[in-house]
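Visitor: quick one, structure for this:
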Amino acid sequence: MSRPGSVVRLVALAVLASACVRDSRPAPNGYAPPPPGYHPQGNPGYAPPGDAPPGYAPPGYAPPGYAPPHGPAPQAPYSPPPAPTTPTPPATPPPAPHDPLTTLLGQLLAPGAPPLTFPQGFPLPPGWQIPGTPAPTTPTPPPPVPPPPAQPGHAPGTLPPIAARALELANTINAYRQQNGLPPIPITRALTHVAETHVRDLASAAKRPGCNAHSWSDRGGQSWSGCCYTADHAQAQCMWKKPAELTHYTSTGFEIAIGQPGENTGYVLDSSRALELWKSSALHHDVILNRATWQSTTWRAMGAGIIDSHAAVWFAKDPDPTP
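Guide: Coordinates of the predicted model:
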């Protein structure tokens, strides 16, 4: 029998041997467990051996909100600059339509252009002025001349009615104006009487070389003043004052006419043929349609007359109070 103490020693040796065998076995994956209190670097709770200075933090570890004193500042993610864009050029307005008359007028009025000239004594209606020229001085008016005694037919109530052919010619003029977007002109007995008186005078007068269709014979007595109207318009007053000479209507009158004094061709005009003849003449056509010189004029009264190969239409800017 062994001694109890030997048994105790044997048991202790066996326990110690068993512990050594367990501690000498390799750890999983070849990793040896750290000794008690040790933590590998980079793991939470790691501290180097010995006493660490206050505020020490292991490499790679930073508390929330910490930034190294001299480290680079965090940068925003890189974004490439936008590609340059070419500005859209402004739209070029279409060229203005070419107007040769406007171009010619611009050349005439351009600095250094030769001045516009008009014939000496070129007549204009009262109150009218050639554009670009100084206003004419008003001379001292002569003493008033007493008006001629009234003649039968001067008073509004005694004017004859408008004849059928005269009315047809006036309506033809108005219809043509409306085709061109212009309003009709009021037809008055006063201007109709002037037009019919004139065509009768032209048809029955003696021939007068050099005198055109705006001429009046000397057979009017106290009813009208005679004149030989020429191309230089030197007798323009003879035309303008005929409404006041023949009727109560005192507005300035303007006339377009066909047929020379005393000339009868044997051809009987009608309204359509008369209008076509005036349309073929630019100056007469402008009067009918208020173009060119007459563009700013508004006709407010009209009268017509036609007989044989003579025709006339009279226009005025003032309304007739007794049409």
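Visitor: residue contacts, the closest residue to His310 other than its chain neighbours?
Guide: Leaving aside its sequence neighbours, His310 sits nearest to Gly259 (CB to CB, 6 or more residues apart in numbering; 3.5 Å). For glycine as for every other residue, the C-beta is placed from the backbone atoms N, C-alpha and C. Gly259 sits next to Val199, Leu202, Ala203, Ala213, Thr265, Asp308, Ser309, His310, Ala311 when contact means CB atoms under 8 Å, 6 or more residues apart in numbering.
Visitor: in helices, which of the residues you listed fall?
Guide: Using DSSP state H, the subset of the contacts of Gly259 located in helices is Val199, Leu202, Ala203.
Visitor: burial count for the nearest residue to Leu191 once chain neighbours are set aside?
Guide: Excluding its sequence neighbours, the residue lying closest to Leu191 (CB to CB, 6+ apart) is Gly303, at 2.8 Å. Other residues near Gly303 come to 33 when the count uses other CB atoms under 10 Å.
Visitor: you'd agree Gly303 is in a strand?
Guide: Yes - read with DSSP: H, G, I helix; E, B strand; the rest coil, Gly303 is one of the residues of a strand.
Visitor: pLDDT score for it?
Guide: For Gly303, the model assigns a pLDDT of 98.
Visitor: surely it touches Ile185?
Guide: No - using CB atoms under 8 Å, Gly303 is not in contact with Ile185; the gap is 9.5 Å.
Visitor: for Thr85, see how far away Ala257 is.
Guide: 72 Å (CB to CB, to the nearest Å).
Visitor: so which of those two has more stuff around it?
Guide: Ala257 (24 against 6).
Visitor: I figured the more buried one was touching Ala312, is that so?
Guide: Yes - if you go by CB under 8 Å, Ala257 and Ala312 touch, sitting 4.3 Å apart.
Visitor: residue contacts, the residue nearest to Leu191?
Guide: 162, 166, 170, 187-196, 313-314 are the contacts of Gly303 under CB under 8 Å, 6+ apart.
Visitor: low pLDDT regions in the chain?
Guide: 1-77, 93-157, 323 (pLDDT under 70).
Visitor: wait, a strand at Pro90?
Guide: No - judged by three-state DSSP, Pro90 forms no part of a strand; its state is coil.
Visitor: can we start the residue count at 24 from this point?
Guide: Sure, I'll start numbering at 24, so the last one becomes Pro113.
Visitor: what is the neighbour count of it?
Guide: Quick note: Pro113 (other CB under 10 Å) scores 6 neighbours.
Visitor: backbone phi and psi for it, please?
Guide: Taking degrees, to the nearest 10, you get phi -60, psi 150 for the backbone angles of Pro113.
Visitor: and it, how far from Thr320?
Guide: Taken as CB to CB, the span from Pro113 to Thr320 is 42 Å.
Visitor: equivalent analysis for Pro206, please.
Guide: The value you get for Pro206 to Thr320, if CB to CB is used, is 13 Å.
Visitor: ok, Ala335 next?
Guide: 19 Å.
Visitor: more neighbours: those two, which one.
Guide: More crowded of Ala335 and Thr320, by other CB under 10 Å: Ala335, with 28 against 15.
Visitor: looking at it, the more buried one is touching Asp224, isn't it?
Guide: No - between Ala335 and Asp224 there is no contact under CB under 8 Å: 9.9 Å.
Visitor: what do the two both touch?
Guide: Common neighbours of Ala335 and Asp224 (CB under 8 Å, 6+ apart) do not exist.
Visitor: any residues touching stretch 220-235, and which ones?
Guide: 236, 238-240, 242-243, 247, 251-254, 265, 269, 278, 280, 282-287, 328-335.
Visitor: in that stretch, what's buried?
Guide: Thr220, His221, Val222, Asp224, Leu225, Ala226, Ala228, Arg231, Cys234 (16 or more other CB atoms under 10 Å).
Visitor: and what of stretch 246-254?
Guide: For stretch 246-254, by 16+ other CB under 10 Å, it's Trp247, Gly249, Cys250, Cys251, Tyr252.
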